[in-house]
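Engineer: Starting from these lines, generate the structure:
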Amino acid sequence: MITKKLLLSLFFFVSIMLVAQSKKLQKNAKAPNIIATDISDKKINLTEFAGAKKVLITFHRYASCPICNFKIRELIKNYKDLATNGMEIVMFIESSKEKILQSTKGLEIPFYVIPDPKSEYYKIYGVKRNSVTALTGFLNKKTRKMLRENWHTEGERGKDDGYFNRMGADFVVDLNGNIEDLYYGKFLGDGMDIQRVKNMVVRQ
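Structural biologist: Numbers count the residues shown, from 1 in each chain. Here you go, the predicted model:
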């Protein structure tokens with residue numbers, strides 16, 4: 001029989017976990033630094049872009065996710081325009097390097113793609129999980145479109161892939177290293193509109 005003390009302990013533990021997970025960043029706050037290696041073995045240190053480029057930091061689900069595949073292709077399509085106008089892109093995927101390379105086979109990705117199978121930077125940037133919105137997201141027209149157009153991705157989801165209920169998130173870091181704008185996804189596949197990103201480039 002479960003005692004009252006045990007129930008209270010479980011309630012306290014779950015409450016702490018929910019609070020920790022829901023801690024989000026705010027506009028104008030200093031962007032947490034990123035020191036990592038991407039899938040092409042390129043080193044990145046976020047502070048090195050200060051004074052030179054703005055940075056779009058974008059978080060996504062696991063590598064074989066059709067929605068992630070859609071986002072990668074969308075950013076590839078718009079990268080030249082953003083880069084020409086002084087903006088770099090850093091994408092996080094909650095999978096191993098091997099899984100990402102398998103799922104993006106044949107794609108020429110010009111920006112940083114960082115594997116984060118342990119969700120370390122997801123936690124630092126307050127990128128949450130939500131099973132309810134992950135499931136109800138399938139009712140959204142935008143989500144269904146992304147799934148329909150990119151359903152056949154390379155590779156299969158494995159044990160080193162991320163959580164199915166991971167929400168996306170986007171952050172634009174200004175020339176001073178502060179968060180100029182941010183967007184935490186409200187449903188599966190939701191993210192900052194690409195035109196909203198373009199409106200924040202350095203050179204108009």
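Engineer: dump the residue contacts of Ile35.
Structural biologist: Going by Cβ atoms under 8 Å, 6 or more residues apart in numbering, Ile35 touches 44-46. The way it works is simple: take the backbone N, C-alpha and C, and place the C-beta from them, glycine included.
Engineer: Asn69: what secondary structure?
Structural biologist: On the three-state scheme (DSSP: H, G, I helix; E, B strand; the rest coil), Asn69 is labelled helix.
Engineer: Can you report how many residues lie near it?
Structural biologist: Residues lying near Asn69 (other Cβ atoms under 10 Å) number 23.
Engineer: Ok, Tyr121 next?
Structural biologist: Around Tyr121 there are 18 residues (other Cβ under 10 Å).
Engineer: likewise Lys71?
Structural biologist: 24.
Engineer: Next, the closest residue to it other than its chain neighbours: phi, psi?
Structural biologist: Leaving aside its sequence neighbours, Lys71 sits nearest to His60 (Cβ to Cβ, 6 or more residues apart in numbering; 5.7 Å). His60 adopts backbone torsions of phi -140, psi 180, taken as degrees, to the nearest 10.
Engineer: so where do the helices sit in the protein?
Structural biologist: Ranges of helices within the chain are 4-21, 66-84, 97-103, 120-124, 131-136, 141-149, 194-198, based on DSSP state H.
Engineer: Select from these the stretch with the lowest mean pLDDT.
Structural biologist: When the helices of the chain are compared by mean pLDDT, helix 4-21 comes last with a mean of 43.
Engineer: Which phi and psi values does Gly185 adopt?
Structural biologist: According to degrees, to the nearest 10, Gly185 has phi -60, psi 140.
Engineer: circling back: show me the beta-bridge partners of the residue nearest to Lys71.
Structural biologist: For His60, the beta-bridge assignment (DSSP bridges) gives partners Ile93.
Engineer: My guess is it contacts Ile93. True?
Structural biologist: Yes: using Cβ atoms under 8 Å, His60 is in contact with Ile93, at 5.4 Å.
Engineer: Give me the common contacts of these two.
Structural biologist: By Cβ under 8 Å, 6+ apart, the residues touching both His60 and Ile93 are Cys68.
Engineer: Okay, now stretch 165-173: how far is its last residue from its first?
Structural biologist: 26 Å (Cα to Cα, to the nearest Å).
Engineer: Oops, could you answer that again for stretch 35-54 instead?
Structural biologist: End residues of stretch 35-54 are separated by 16 Å (Cα to Cα).
Engineer: so what's Tyr62 closest to, chain neighbours aside?
Structural biologist: Asp161 (3.7 Å).
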